[in-house]
Structures are given as C-alpha cells and as structure tokens.
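Enquirer: Requesting a structural model of the entry that follows:
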Amino acid sequence: MNIQQFYDEGLAHASYAILSEGKIALVDPGRNPQPYYDFAEANDARIVAVIETHPHADFVSSHLEFHRNEDATIYVSKMVGAEYPHTGFDEGDTFQMGKVTFKALHTPGHSPDSISILLKDENGKDHALFSGDTLFIGDVGRPDLREKAGNMKAQREELAKMMYHTVQDKLKPLADDVIVYPAHGAGSLCGKNLSDARQSTIGEQRATNWAFADMDEKTFVDSLLQGQPYIPKYFGYDVDMNKKGAPAFQRSISRVSIWPEGATLPADALVIDVRKQDAFAAGHIPGALNIMNGGKFETWLGSIVGPEEHFFLLADNAAELEDVIYKASKIGYEQLIKGAVVNPTGMTEIGNSFDLEAFKAHMGDYTIVDIRSKDEHANSPIFEESINIPLHELRERAGEIPTDKPVVVHCAGGYRSAAGTSIVAGALKDAKVLDLSEAIKEFETVAH
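Expert: Down below sits the predicted model:
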C-alpha cells in the first residue's frame, strides 16, 4: 500500500492516490488529471476508482474525466444527486481494491452529503481516514456553504448540529493511530483555523483540535458558527459543476480564445489585468480590474467576479497568460473567458501617484477605505476613521464611498489593495483614488 498526497498551494487543496496491487483509487482529485496519470505511470498502475467526499465548493474535480478515459468507478454519496455515472457510497458501504478496503462513513456537518473514507489495510485494521472537508487539522469544516447550492440544502445551524454529532459519533470512536488526511490545509476558505500541517492522527486531533473537547451541543454550535470567513461568489457554481461533472480539462482549456497581441478589446468589456501593480499603474484599459497573478489569484478571481459574468484576461507575456488561464480553470472559470490577450491597445488610463509623507501629515484630508475582512478590521484596527468594505463586496458597494476627499485604499500587505484600488477607481470616475499598497506595514506596526 502506498498513499500519495497531491497538494495545490493556491487553493490549499489536498487530494490523494492510494496504490495497491497495481490499482489506484483517487480521493477528491483536482481539475488537472495529469499529476495523477503521472503517478500511475511511474508505478505501472491503473486508476480504477475515484471517491468524492462531497460536491466541492472551492475547486472543480476531474472525477468524470477519469470515468470517461479510464472507466474508473466514481464513488459518491447517493445524497449528492450526482448527474454523472456513479456508484452510491454511503454509511457502511465498502469496496476492495488490491489488498486494501475502503469504507464509507456518513459525516455530515460541512455539507449534509459529506462522507469520510476509512482505509483498512490488508489485515482489516483501520489505517487512515480521508476526511474531506469534515475534519481538518485543528478544525472542522464550515457549515454555511449549503444554504443556496447543491442537491441537498441545509441551514448553517442545522449543519453545525450535524457536525457536533459527526465528531461525537463517527470521529471520536476511531483509534488514536488512525492517520488523518484532510482535503484542505491553512489558507482554505472551507474552514477558519486550519493548521498548515498536511496530516495528523486521530490521537493528535483528540488532544489538540477544539472540536474534540468535551462540550455540549450548543457550545459547539456557537463556536463553529462564529468567525467563519466570507463565501466567494464562485462557491455555488463549483458545487453545481461538481454535481454534474466538469468538461475535460485540456479540451476546455484549448477552447479559450487567445487574441493577437495588441488587439483592441470591445468597449465596456470586463477586463481582468493580471500584471504587477506598477505596470498596471503605468497604463491600463480604463475600468480594468487589477487582480495580480499570485498565490491566491484563482480565489480572488472567483471572489470578485461572479460566475454569471464573462471577462477578458490581460497579461504582459504569453507564459503568464497560460498560467492564469490554468488557474482560472481550477475553479471552472475558463468557461467564462471571452478572450485572453497580451498587451492590447487602449491602455491609456494611468494610476495616481501616492505621496506617503503628505498622507502621514494630514490623514484627515483623506477618505480611508479598509478592504480587509470584517473580522480583520474589527480585531486589528489600523485607522480609526476608516470605512470597512471587504474586497469581495467592493464592486457592489463602491458607491458608498464619499468622493469629497481623495480616497486611500488599504489591506494588510498590499496584494488586495491593488485590486481594490482598481475597483474603486473604475467605479468612482471623478474621485482621486490612491493605493497605500505595502506602506500599510508602517501603520500596522504603530497600531499594534
């Protein structure tokens, strides 16, 4: 038996390949099937099964592609209402592959249709738990993503209660030495306090995870519901796509229209400019949004742009364009790209230069907009008079910002403020909009 973890840093997503006797089962694979094919080829093995712990909200899975290409059986809870060919895999169901056995545990809480997978070794001993978004290292999955999406909808309070009983009845009885392999690590929006550890054991979680502490249901529910992160616009879209099965990765990528360098984009097009902040400020398409290509590009793209919108991607070289198309595909957004282009014509808008010393000397002369989350703003205040509009809400709420003074936009480190500044500048045509950028770090030190 060999267990291989595949980790996507951008989405903090962990997926798995379990190898036994020349056969491979995948758990919660990402959009690009190639890493799993490479693993199979390196081990002279064949992918025969794909297990989905639930219809994921934060990434698109390649399960249907493995079924079509390899005739792999997809195992998923019947409660998902999956629209692709599958075998129901629910509480107590098992299947054998080589010398190992997979057993389904119904573990609702993150979603009503969540399962966890108990892997038994050749002696029938519980070896590992693939816990999906139910159990993370240091936390459990958030219960507030299924009020508007999926075959089974559930209110967050109802799911939080389910999670309490999942921990009590399904997870606590497991042996201390059972290895825990979750679907996410730190940085994921599927929970709030995830560890950056990639695996653990039930024993370690029993000793360190707050959810395993002795408490009544109400205390657990209140703790779980408090302080959950925002819900990106794309989450419901991905739940639905995973329920149906995504189109084949390479074919879908190849259908993205690449426009010739220097092309003229349609007037009033939604343009996502992924270039660095200084390049964007030096000249950009009027109204373009500057979502820089970085470690969390796909999350911010899907948080700022809704799945009902179509957009153009703009980069300053072909390699970067290819990279951001790939990142967009991880959340199924390649299907929303009307065109991708390097350095189109019409980049006539220039950003405003920021005089940091003038700002320090006369802060009252500026309207300060804090685009961090509500919790960040409340727990780590920086400017007393600032207006808090989180970045993912900014396109809808920019009109709330007064324009009688220059507007200064800030976040916590500079990445988000580039996007925020571009949104505000595009929405408030008559305002002078300035980006505090990385200079925010000087003020954070003072605030603390």
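
Enquirer: Closest to the centroid, which residue in the chain?
Expert: Of all residues in the chain, the one closest to the mean position by C-alpha atoms, centre = their mean is Asp58, 4.1 Å from it.

Enquirer: That one touches Gly187, doesn't it?
Expert: No - Asp58 sits out of contact with Gly187 when judged by C-beta atoms under 8 Å, with a separation of 10.8 Å. (Glycine included, C-beta is placed from N, CA and C.)

Enquirer: Okay, strands next: where are they in the stretch 51-200 of the chain?
Expert: For the stretch 51-200 of the chain, the strands defined by DSSP state E, counting those that start in this stretch cover 73-76, 87-88, 94-97, 100-106, 115-120, 126-132, 135-136, 139-140, 179-182, 200-201.

Enquirer: Of those, which is nearest Phe383?
Expert: strand 139-140 (30.8 Å; C-beta to C-beta).

Enquirer: now what about the closest one, what contacts it?
Expert: 109-110, 134, 163, 166-167, 191-195, 209-211, 224 (C-beta atoms under 8 Å, 6 or more residues apart in numbering).

Enquirer: Highest neighbour count among the residues you listed?
Expert: Comparing the contacts of strand 139-140 on neighbour count, His110 comes out first with 30 neighbours (neighbours: other C-beta atoms under 10 Å).

Enquirer: Spit out the contact partners of the closest residue to that residue other than its chain neighbours.
Expert: Leaving aside its chain neighbours, His110 sits nearest to Gly141 (3.0 Å; criterion: C-beta to C-beta, 6 or more residues apart in numbering). Applying C-beta under 8 Å, 6+ apart, we find Gly141 in contact with Gly109, His110, Ser111, Ser114, Gly132, Asp133, Thr134, Leu135, Met163, Cys190, Gly191.

Enquirer: mind redoing it with 7 Å?
Expert: Going by C-beta atoms under 7 Å, 6 or more residues apart in numbering, Gly141 touches Gly109, His110, Asp133, Thr134, Cys190, Gly191.

Enquirer: Quick check: it vs Thr73, distance?
Expert: According to C-beta to C-beta, to the nearest Å, Gly141 and Thr73 sit 25 Å apart.

Enquirer: Same check on Lys218?
Expert: For Lys218 relative to Thr73 (C-beta to C-beta), the value is 41 Å.

Enquirer: who has more neighbours, those two?
Expert: Thr73 (18 against 11).

Enquirer: List the contacts of that one.
Expert: Contact analysis of Thr73 by C-beta under 7 Å, 6+ apart lists Val48, Ala49, Thr87.

Enquirer: Is the last one in contact with Tyr75, as I believe?
Expert: Yes - Thr87 lies in contact with Tyr75 (C-beta atoms under 7 Å); the separation is 5.4 Å.

Enquirer: more neighbours, the two?
Expert: Tyr75 (24 against 14).

Enquirer: For the more buried one, give the beta-bridge partners.
Expert: Beta-bridge pairing of Tyr75 under DSSP bridges involves Ile51, Thr87.

Enquirer: I figured it hits Ala49, correct?
Expert: Yes - assessed by C-beta under 7 Å, Tyr75 is found in contact with Ala49 at 6.3 Å.

Enquirer: how far away is the residue lying closest to Pro247 once chain neighbours are set aside from Arg156?
Expert: Excluding the flanking residues, the one nearest Pro247 by C-beta to C-beta, 6+ apart is Gln335, at 7.6 Å. Using C-beta to C-beta, Gln335 is found at 29 Å from Arg156.

Enquirer: Sketch out the strands for the stretch 251-400 of the chain, chain order is fine.
Expert: 271-273, 289-290, 311-315, 337-342, 367-370, 387-388.

Enquirer: for those strands, which one sits closest to Thr101?
Expert: Closest to Thr101 of the strands of the stretch 251-400 of the chain is strand 337-342 (C-beta to C-beta; 42.9 Å).

Enquirer: tell me what that closest one is packed against?
Expert: strand 311-315, helix 318-329 (3 or more C-beta pairs under 7 Å, 6 or more residues apart in numbering; DSSP states H and E).

Enquirer: and Ala25, how many neighbours?
Expert: By other C-beta under 10 Å, neighbour count at Ala25 equals 25.

Enquirer: how would you label it: helix, strand or coil?
Expert: What DSSP: H, G, I helix; E, B strand; the rest coil gives for Ala25 is strand.

Enquirer: What sits closest to it if chain neighbours are left out?
Expert: Ala49 (4.0 Å).

Enquirer: what's the angle between the helix or strand hosting that neighbour and strand 126-132?
Expert: Under the criterion of DSSP states H and E, Ala49 resides in strand 46-51. Angle of strand 46-51 versus strand 126-132, following axes from the mean of the first three to the mean of the last three C-alpha atoms, to 10 degrees, is 60 degrees.

Enquirer: Quick check: mean pLDDT of strand 46-51?
Expert: Average pLDDT, strand 46-51: 98.

Enquirer: Kindly report the same for stretch 274-286.
Expert: The model assigns stretch 274-286 a mean pLDDT of 96.

Enquirer: Same question for that stretch: list its buried residues.
Expert: Val274, Arg275, Gln277, Ala279, Phe280, Ala281, His284, Ile285 (16 or more other C-beta atoms under 10 Å).

Enquirer: First-to-last residue distance for it?
Expert: With C-alpha to C-alpha, to the nearest Å applied, stretch 274-286 spans 14 Å between its terminal residues.

Enquirer: Not counting it itself, show me its contacts.
Expert: 265, 271, 273, 290-293, 297, 313-316, 320, 324, 344, 346-351, 418, 437.

Enquirer: if we can go back for a sec, make CSV out of the contacts of Thr73 and add distance to Tyr16.
Expert: Converted to CSV, those look like this (distance: C-beta to C-beta, whole Å):
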residue, distance to Tyr16
Val48, 15
Ala49, 12
Thr87, 19
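
Enquirer: Pick the one among these closest to Ile3.
Expert: Ala49 (14.1 Å).

Enquirer: Excluding sequence neighbours, find me the nearest residue to Leu270.
Expert: Phe311 (4.2 Å).

Enquirer: about what we covered before: identify, from the buried residues of stretch 274-286, the entry nearest to Glu41.
Expert: The closest of the buried residues of stretch 274-286, once distances to Glu41 are taken by C-beta to C-beta, is Val274, at 32.6 Å.
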